[in-house]
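In: Okay, here's the prediction I keep looking at, along with the sequence it came from:
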Amino acid sequence: MATATINVNNLSHYYQDGDYRRYVLRQVNCSFEKGRFYTILGQSGSGKTTFMSLLGAMDTVQEGEIQYQGYSHKSLDPNSIRRNYTGMVFQNYNLITYLTALENVMVAMEVTENRVPEDRQNVAYNLLDYFGLPRSKANRLVTRLSGGEQQRVSIARALATNVDVILADEPTGNVDADTEDEIVEIFKALAHEHSKCVIVVTHSSEIAREADVVLKLYKGSMTLDE
């Protein structure tokens with residue numbers, strides 16, 4: 001039996017408005033394993049982006065627990081979770097615009113405490129090349145790349161820290177249909193060929209059909225789509 005890379009136990013999250021507490025997540029329980037491609041499907045306002053922010057330690061857990069490789073979030077520094085346990089891919093790329101593609105990837109390698117090769121520049125070049133960006137494009141400012149190319153840089157950056165978990169929040173929202181298909185194939189390969197745990201939140205049923213496991217969020221409650 002596979003060991004879960006992430007365990008989510010009784011996770012709830014709310015926003016306080018005066019005396020009123022509005023829950024966006026309610027008692028969510030689920031687990032995620034290496035080697036599988038997950039999608040979390042939900043409409044706007046369903047809580048999926050909040051859930052992803054909590055998994056990526058970009059927001060503070062209010063109720064419940066998230067375990068990373070058996071370690072509770074309560075015993076881990078949020079910066080450590082972001083540097084060493086999870087890599088994040090955003091809809092808007094969130095790249096450093098005054099750096100090249102290569103430099104964006106190398107910056108991530110500088111901050112992780114995970115083991116990375118000493119020849120970081122060569123590793124970064126190879127990662128970018130793997131995702132279809134040769135050296136001529138790797139050395140360009142990211143603002144001179146297309147949206148699909150910038151998203152590939154974002155994926156390479158997430159992988160550069162040698163994490164087991166890739167989190168992606170609507171990663172194809174700003175690309176065309178052909179590029180979306182290519183990015184989905186990248187995520188599938190990362191899970192199935194490189195044994196990563198890939199979790200994508202999306203409103204797209206087309207992307208969900210490509211996943212190994214589909215979870216649905218509706219009004220803050222998580223269910224398995226069977």
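Out: Yes, it's here.
In: Please count neighbours and contacts with C-alpha atoms only from this point.
Out: Will do.
In: what kind of secondary structure is the residue nearest to residue 65 when sequence neighbours are not counted in?
Out: Excluding its sequence neighbours, the residue lying closest to residue 65 (C-alpha to C-alpha, 6 or more residues apart in numbering) is residue 9, at 5.2 Å. Three-state assignment for residue 9 (DSSP: H, G, I helix; E, B strand; the rest coil): strand.
In: OK, contacts around residue 142?
Out: By C-alpha atoms under 8 Å, 6 or more residues apart in numbering, the contact list for residue 142 reads 95, 96, 97, 98, 99, 100, 101, 150.
In: how close does residue 108 sit to residue 173?
Out: 23 Å (C-alpha to C-alpha, to the nearest Å).
In: got any ranges where the chain has weak pLDDT?
Out: Low-confidence segments of the chain (pLDDT under 70): 1-3, 226.
In: the strands in it, which residues?
Out: 4-17, 20-33, 37-41, 63-68, 71-72, 86-90, 165-169, 197-202, 213-218, 221-224 (DSSP state E).
In: Output those strands as JSON lines; include the columns mean neighbour count.
Out: Below are these laid out as JSON lines (neighbours: other C-alpha atoms under 10 Å):
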{"stretch": "strand 4-17", "mean neighbour count": "17"}
{"stretch": "strand 20-33", "mean neighbour count": "16"}
{"stretch": "strand 37-41", "mean neighbour count": "26"}
{"stretch": "strand 63-68", "mean neighbour count": "19"}
{"stretch": "strand 71-72", "mean neighbour count": "14"}
{"stretch": "strand 86-90", "mean neighbour count": "23"}
{"stretch": "strand 165-169", "mean neighbour count": "24"}
{"stretch": "strand 197-202", "mean neighbour count": "26"}
{"stretch": "strand 213-218", "mean neighbour count": "20"}
{"stretch": "strand 221-224", "mean neighbour count": "16"}
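In: of all those, which lies closest to residue 119?
Out: Between residue 119 and the strands of the chain, the shortest separation by C-alpha to C-alpha is 20.5 Å, and it involves strand 86-90.
In: Pairing partners for that closest one, with directions?
Out: strand 165-169 (parallel) (DSSP bridges).
In: Could you tell me how far the residue nearest to the spatial centre of the chain is located from residue 202?
Out: Closest to where the C-alpha atoms of the chain average out (C-alpha atoms, centre = their mean) is residue 167, at 1.2 Å. In this view, residue 167 and residue 202 are 11 Å apart by C-alpha to C-alpha.
In: cool, and residue 18?
Out: 31 Å.
In: Then residue 88?
Out: Look at residue 88 and residue 202: by C-alpha to C-alpha, they are 14 Å apart.
In: rewinding a little: what sits against the residue nearest to the centre of the chain?
Out: Each residue near residue 167 by C-alpha under 8 Å, 6+ apart is listed here: 52, 56, 86, 87, 88, 89, 198, 199, 200.
In: Try it again at 7 Å.
Out: 86, 87, 88, 89, 198, 199, 200 (C-alpha atoms under 7 Å, 6 or more residues apart in numbering).
In: again, but for residue 30
Out: Counting by C-alpha under 7 Å, 6+ apart, residue 30 has contacts 7, 8.
In: if we go to 6 Å?
Out: residue 8 (C-alpha atoms under 6 Å, 6 or more residues apart in numbering).
In: and what of residue 197?
Out: Contacts for residue 197 (C-alpha under 6 Å, 6+ apart) come out as 33, 34, 35, 36, 165, 191.
In: 10 Å - rerun?
Out: 4-6, 32-38, 86, 163-167, 187-188, 190-191 (C-alpha atoms under 10 Å, 6 or more residues apart in numbering).
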